[in-house]
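Q: structure for the following, please:
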Amino acid sequence: MTKICIFGAGSIGGFIATSLKRTNSKISLIARGDHKEAIEKNGLTFIRDDNKINHKFDVTDNPKDLELQDFIIISVKANTIGKISESLKPIIGSKTSIICAINGLPWWYFYKANTGTKLDNKIVETVDPGGKIWETLGPERAIGCVVYPACQILEPGIIKHNGNGERFSLGEPDGSRSDRLKMISSLFIDGGLKAPQKKNLRDEIWVKLWGNCSFNPVSALTNKTMDEMGNDPETYNLIKILMEECQYVGEKIGIKFNISIEDRIKGGVSIIGHKPSTAQDLNAGKPLEIDPIIGSIIEIANKLDLNVPKLKEINEKLKSKAEDLGLYTRSELTDKLTN
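A: Numbers count the residues shown, from 1 in each chain. Here you go, the predicted structure:
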């Protein structure tokens, strides 16, 4: 039986957990606080359209309670992975694979990337300051994942699907079709998810990053929903400029954007009444993941001497707003990397 641990049984982690429960796998959850207590007492409830399902899970707040895992799926904010990476050591074996179902540029991004630039096999410091995650988890264990569904926690122990399907694109950092990739993809599919195996997953990472670096900060700064931003000429134009700068950087490291900016925006604004995760976190008083979704692009641009003035302007505005609200803590390193 395949052993799978999901660290962070929140909106996306909970969706994956309830889906994989359909498979012949041993699923364990790592959660904390009220959410953990609710799952222990009442199970985890997942709501989609008019359907409601509930599953019981083995749940703990301490990885030491679990055995070695075949797969660890990390579904926490990208800026917290460094804080939890050390705690995962007791469940990481020689053949354990790690999948980070997160927003933003992943910590392993330049591992075997073959971009032809000086960034190959180097850490992204805004995502992984000092290379702690790289050293602790090991990039050779990483399987890439691009998350498309939109979900939210309604209350502890209850998660709601907000649309945008069930696709989780997966891929090896070197583009190979490994046995472990085939296995986890098959398990996702058996659980009712779409899990295509991608040779060039980094292209999809950047298409998703297009939205993360534009819709997310603009929504957080204006409190507008996806459709409201798309229907407002001022915010539409701002999003377009941010995407143009993002594309400019991506193409310099070999990324191919297979859709137009206009179509990417159209896809985003078709989600009616939804606010991106950054705005949700800001309104809920939760820390914001700014560096992985904006700072990482600026870091790459600076290291390659590329000009991205609007990204820098929006990054600073969002940092200042979040800092004033106590939802972001500046560091000398990230400020230096993104100025």
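Q: quick one: the strands in the stretch 101-250 of the chain?
A: 142-147, 151-155, 158-161, 168-171 (DSSP state E, counting those that start in this stretch).
Q: which of those comes out lowest on mean pLDDT?
A: Of all those, mean pLDDT reaches its minimum on strand 151-155 (a mean of 88).
Q: and it, what does it pack against?
A: helix 11-20, strand 158-161 (3 or more Cβ pairs under 8 Å, 6 or more residues apart in numbering; DSSP states H and E). Using the backbone N, CA and C atoms, a C-beta is placed for each residue, glycine as well.
Q: sorry, back to before: which one of the strands of the stretch 101-250 of the chain lies closest to Leu333?
A: Set against Leu333 and scored by Cβ to Cβ, the strands of the stretch 101-250 of the chain come closest in strand 142-147, at 22.6 Å.
Q: who does the closest one pair up with?
A: strand 92-100 (parallel), strand 168-171 (antiparallel) (DSSP bridges).
Q: need the helices and strands packed on strand 151-155 in CSV (columns: distance to Thr334 and mean neighbour count).
A: CSV is the format used below for the helices and strands packed on strand 151-155 (distance: least, Cβ to Cβ, whole Å; neighbours: other Cβ atoms under 10 Å):
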stretch, distance to Thr334, mean neighbour count
helix 11-20, 25, 25
strand 158-161, 31, 21
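Q: now those in JSON lines, with distance to Thr115?
A: Shown next, in JSON lines, are the helices and strands packed on strand 151-155 (distance: least, Cβ to Cβ, whole Å):
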{"stretch": "helix 11-20", "distance to Thr115": "28"}
{"stretch": "strand 158-161", "distance to Thr115": "36"}
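Q: and Pro129, which of these is closest to it?
A: helix 11-20 (23.8 Å).
Q: follow-up on the earlier one: nearest to Lys118, out of the helices and strands packed on strand 151-155?
A: When the helices and strands packed on strand 151-155 are compared (using Cβ to Cβ), the closest one is helix 11-20, at 33.4 Å.
Q: centre of the chain to the closest one, how far?
A: 14 Å (Cα atoms, centre = their mean, to the nearest Å).
Q: just to revisit the earlier point, CSV for the strands of the stretch 101-250 of the chain, including distance to Gly285?
A: Shown next, in CSV, are these (distance: least, Cβ to Cβ, whole Å):
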stretch, distance to Gly285
strand 142-147, 23
strand 151-155, 14
strand 158-161, 20
strand 168-171, 28
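Q: how about those, which one is nearest Lys26?
A: Closest approach to Lys26 among the strands of the stretch 101-250 of the chain (Cβ to Cβ): strand 142-147, 18.8 Å.
Q: Asp203 reaches Lys256, doesn't it?
A: Yes: between Asp203 and Lys256 there is a contact under Cβ atoms under 8 Å: 5.3 Å.
Q: out of these two, which sits in the more crowded spot?
A: Asp203 (19 against 11; other Cβ atoms under 10 Å).
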